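Enquirer: requesting a structural model of the entry that follows:
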Amino acid sequence: MKKAIQNKHNYAFNDHSFSGTLKGKTIILDNVDMKEITYTKRNRNEFNQLRRKFDSSVRKNFAKYLVKDQNSINRLIDAGLSDVDIEDLKDGCIPDNYQVHHKLPLDDGGTNVYSNLVLIRNDPYHKALTNAQKNLTGHLNEGDSVHIQWPIPRNHIYPEKE
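Expert: This next block holds a predicted model:
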């Protein structure tokens with residue numbers, strides 16, 4: 001068992017779990033890998049171009065990708081998505097209470113490839129991750145870098161089981 005790593009922001013990483021805070025409560029996310037990265041705040045023009053592409057087509061196409069076959073639909077059902085949620089995905093819409101999250105953010109070196117995206121329940125999971133990410137990198141200016149442990153949910157759906 002790996003030793004837990006804790007930082008000044010009270011986020012802990014232990015084996016394949018991430019522990020963060022949301023509204024003063026500890027939130028534990030299992031099946032999250034920790035990747036040691038050098039986070040470099042991306043040029044704003046490049047970031048904005050990638051974000052526009054994500055907003056205009058990538059998010060919608062990723063939603064449709066998630067329902068590409070019955071095995072994929074079964075994984076969504078296992079994760080607790082309803083028939084209505086699955087129909088939304090088929091139409092390219094993200095279900096209520098979910099977000100499409102970049103595992104490695106566009107603000108750093110992340111891209112819009114599907115392997116870098118995850119459909120994640122917003123509350124508490126996405127909120128806890130983004131709180132941690134903002135605390136770890138929010139102080140950086142364009143071009144600044146920091147060497148950090150970065151939480152990355154596995155697969156394309158989080159959590160995978162309801």
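Enquirer: the residue nearest the centre of the chain bridge partners, please.
Expert: Per CA atoms, centre = their mean, the C-alpha nearest to the average position across the chain is that of His101, at 3.6 Å. Beta-bridge pairing for His101 (DSSP bridges): Val118.
Enquirer: check contacts around it.
Expert: His101 sits next to Leu117, Val118, Leu119, Ile120, His126, Leu129, Thr130, Pro153, Tyr158 when contact means CB atoms under 8 Å, 6 or more residues apart in numbering. For every residue, glycine as well, the C-beta is placed using N, CA and C.
Enquirer: what would these look like in a markdown table with neighbour count, pLDDT and distance to Gly20?
Expert: Output for these, formatted as a markdown table (neighbours: other CB atoms under 10 Å; pLDDT from 0 to 100; distance: CB to CB, whole Å):
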| residue | neighbour count | pLDDT | distance to Gly20 |
| --- | --- | --- | --- |
| Leu117 | 22 | 98 | 20 |
| Val118 | 24 | 98 | 16 |
| Leu119 | 26 | 98 | 19 |
| Ile120 | 21 | 98 | 13 |
| His126 | 22 | 95 | 11 |
| Leu129 | 27 | 92 | 7 |
| Thr130 | 17 | 92 | 9 |
| Pro153 | 23 | 94 | 12 |
| Tyr158 | 22 | 96 | 14 |
